[in-house]
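> coordinates for the following, if possible.
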Amino acid sequence: MGDPARIAHSAAIVAREARAGRKVAVVVSAMAGETDRLLKLAEALGGGLGEIETDTILAAGEQASAALMALALKTEGLDAQAVMGWALPIHVEGPPGSARICAINAEPLEAMLQTSIIPVVAGYQGVNSDGRLATLGRGGTDLTAVAVAAAIGGECDIYTDVDGVYTTDPRLAPEAVRVERISHDVMLELAAMGAKVLQTRSVEYAKAKRVRLRVRSSFEAPGMSAGTEVVEDAAIAERRVVSGVAYVRDQARLSLNGGEGAAPAEALFAGLAEAGVAVDMIVQARTAAGGDVVECSVAGKDLPRALQVAEDLGAPGVMIRSETGLAKVSVVGTGLRGRADVARTLYGVLAREGVAVRMVATSEIKISVLVDADLLERAVKALHGAYRLTAVNSQT
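As a prediction, the model looks like this:
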């Protein structure tokens, strides 16, 4: 949806599906750069993210795209109609800028599909209980697409700028390979750990509503993108121990040294939550000299606010430390459960590559480490090779 030419190309993809006899509903995002342009207009007049009037402005980007896509489909000889989120309606709840979909009235969509009209739905938005437009935040169009698919009992193909999900970022490791099928759980972890193909909320919704989800490239010729299918865990016939390597740049570490008991940690995380600082990795340990050490990782841009929260605690005998210039690298896979050899490989590979581990956190299906940001690419490439992801099975 970058420009009129890209919209016409996307319309050709839709037309191919429709001519094959499939009933198709379309959900569109704003054109490239349009949301940022509209936000700047709002900010110039005192608006900002999280305000209801700003949401009304931002929603216009997707509304324009819906009308443009409907026009493009008509030039393909198809009957299409732009549909606004408030017109169905798509019911949402929650604050402006991060609303959640709670219900969709699918009857108008089903009526159009029955009469061979292609509905083109404006993504990223819905109407709240006050009758006002509210946007869904980052990844909102993907979420809308999955929700529409669930409402009409269909499958969901999400077209983006990459041909599916890869074992790691091909820009860092050109040897990365596309995965044909991946489970919801692994996709959720990869998305949460930095993979930018899908946003977590769309995958969560697809899992909850049991929507068949595929990621395809909008840059390929119609019908040529194989993509990646995101399916229920039970549908994966063979599982690899490690499915992929993800990363997040611009990370920082915050440490409180010398506190006693749980009180300092409780006060710190309460303050961080109130300040809107997202916390990722958390470690607590007892020092040999006595006293506890509590460490957490935050986004680098949030570190100044996190430090202010820590300093405002005023806890006696507690030393506050921080470190910037870090990045997070994660290995993800359902096969990690109970596998100490995965951790052994991670530590051994990073040690041989001269990459120091600053912090580590684990879950049932991932191991994440903080490393020096300037060694990120080396770490990703080395781990990708060590887990033999270039020979990845088509299912993971």
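
> helix/strand/coil for the closest residue to Ile104 other than its chain neighbours?
Using Cβ to Cβ, 6 or more residues apart in numbering and skipping residues adjacent in sequence, the residue nearest Ile104 is Ala151, 4.2 Å away. For glycine as for every other residue, the C-beta is placed from the backbone atoms N, C-alpha and C. Three-state call for Ala151 (DSSP: H, G, I helix; E, B strand; the rest coil): helix.

> burial count for Ala151?
Ala151 has 21 neighbours, counted by other Cβ atoms under 10 Å.

> got the contact list for it?
104, 106, 109 (Cβ atoms under 8 Å, 6 or more residues apart in numbering).

> and the lengthiest strand in the chain, what does it pack against?
Determined from DSSP state E, the single longest strand within the chain is strand 244-259. Counting contacts by 3 or more Cβ pairs under 8 Å, 6 or more residues apart in numbering; DSSP states H and E, strand 244-259 is packed against helix 184-192, helix 263-274, strand 292-299, helix 303-313, strand 319-332, helix 376-386.

> end-to-end on stretch 64-83?
End-to-end distance for stretch 64-83, by Cα to Cα, to the nearest Å: 11 Å.

> contacts for it?
By Cβ under 8 Å, 6+ apart, stretch 64-83 touches 1, 4, 7-8, 10-12, 14-15, 18, 26, 28-31, 34, 63, 84, 108-109, 112, 116-122.

> out of the residues you listed, list just those in strands.
26, 28, 118-122.

> what's the most distant pair in those?
Using Cβ to Cβ, these span at most 14.0 Å, a distance reached by Ile118 and Ala122.

> these two: which is more packed in?
A direct count of neighbours by other Cβ under 10 Å for Ile118 and Ala122 places Ala122 higher, at 30 against 25.

> the more buried one and Thr362, how far apart?
Here Ala122 is placed at a distance of 41 Å from Thr362 (Cβ to Cβ, to the nearest Å).

> residue ranges in this structure under the pLDDT threshold?
Counting by pLDDT under 70, the low-confidence segments of the chain come to 193-195, 234-239, 259-261, 288-290, 315, 337, 392-396.

> tell me the domain boundaries of it?
Following automatic domain parsing, one finds the domains of the chain at 4-235, 244-391.

> now what about stretch 12-29, what contacts it?
1, 61-62, 65-66, 69, 73, 76-78, 80, 109, 112-113, 118-124, 141, 144-145, 148-149, 152, 154, 159, 218, 222-223.

> so for the most centrally placed residue in the chain, what's the nearest residue that isn't a sequence neighbour?
The centre of the chain sits closest to Gln199, judged by Cα atoms, centre = their mean, with a distance of 2.2 Å. With Cβ to Cβ, 6+ apart as the criterion, Gln199 has its nearest non-adjacent residue at 2.6 Å, and that residue is Gly139.

> does the one you found touch Val203 like I think?
No: with contacts counted by Cβ atoms under 8 Å, Gly139 stays clear of Val203, the gap being 9.4 Å.

> who has more neighbours out of the two?
Val203 (28 against 19).

> relative to Ala191, how far out is that one?
Distance, Val203 to Ala191, by Cβ to Cβ: 6 Å.

> quick one, helices of the protein?
4-19, 34-44, 52-75, 107-114, 140-152, 184-192, 200-209, 263-274, 303-313, 340-352, 376-386 (DSSP state H).

> out of those helices, nearest to Thr334?
That would be helix 184-192 among those, by Cβ to Cβ, at 6.0 Å.

> list the contacts of that closest one.
165, 182, 197-200, 203-204, 206-207, 230-233, 243-244, 246, 330, 332-334, 363, 365-366, 396.

> partners of the longest strand of the chain, with directions?
strand 292-299 (antiparallel), strand 319-332 (antiparallel) (DSSP bridges).

> highest neighbour count among the ones in strands among the contacts of stretch 64-83?
Counting by other Cβ under 10 Å, top hit in these: Ala122 with 30 neighbours.

> correct me, but that residue touches Pro89?
No: the criterion here is Cβ under 8 Å, and Ala122 misses it with Pro89 at 11.6 Å.

> Val179 - how many residues pack around it?
27.

> that should have said Glu34, apologies.
Neighbourhood size, Glu34 [other Cβ under 10 Å]: 18.

> ok, it to Arg352 distance?
Distance from Glu34 to Arg352, by Cβ to Cβ: 47 Å.

> so what's the residue nearest to Glu53 when sequence neighbours are not counted up against?
Once flanking residues are discounted, Glu53 sits nearest to Gly47: 5.8 Å by Cβ to Cβ, 6+ apart. By Cβ under 8 Å, 6+ apart, Gly47 lies in contact with 53-54, 57.

> got it, and Glu62?
Neighbouring residues of Glu62 by Cβ under 8 Å, 6+ apart: 28-30, 122-125, 141.

> do the same with Ala149
By Cβ under 8 Å, 6+ apart, the residues touching Ala149 are 25, 155-156, 211.

> make it 6 Å
156, 211 (Cβ atoms under 6 Å, 6 or more residues apart in numbering).

> same check on Leu383?
Counting by Cβ under 6 Å, 6+ apart, Leu383 makes contact with 245, 331, 349.

> does the first one touch Ala382 like I think?
Which is Val245. No: proximity of Val245 to Ala382 does not meet the contact threshold set by Cβ atoms under 6 Å, at 9.5 Å.

> between these two, which has more neighbouring residues?
The neighbour comparison of Val245 against Ala382 (other Cβ under 10 Å) goes to Val245, with 31 against 20.

> can you get me a residue count around the nearest residue to the more buried one once chain neighbours are set aside?
Spatial nearest neighbour of Val245, excluding adjacent residues (Cβ to Cβ, 6+ apart): Thr168 at 4.2 Å. Residues near Thr168, counting by other Cβ under 10 Å, number 25.

> for Thr168, phi and psi?
Main-chain dihedrals, Thr168, degrees, to the nearest 10: phi -160, psi -180.

> looks like it contacts Ala176 (just checking).
Yes: the pair Thr168 / Ala176 is scored as a contact, 4.7 Å apart, by Cβ under 6 Å.

> returning to that earlier point: which of the contacts of Gly47 are buried?
54, 57 (16 or more other Cβ atoms under 10 Å).

> next, format the contacts of Gly47 as JSON lines and append distance to Leu172.
Listed next are the contacts of Gly47 as JSON lines, based on distance: Cβ to Cβ, whole Å:
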{"residue": "Glu53", "distance to Leu172": "40"}
{"residue": "Thr54", "distance to Leu172": "35"}
{"residue": "Ile57", "distance to Leu172": "36"}
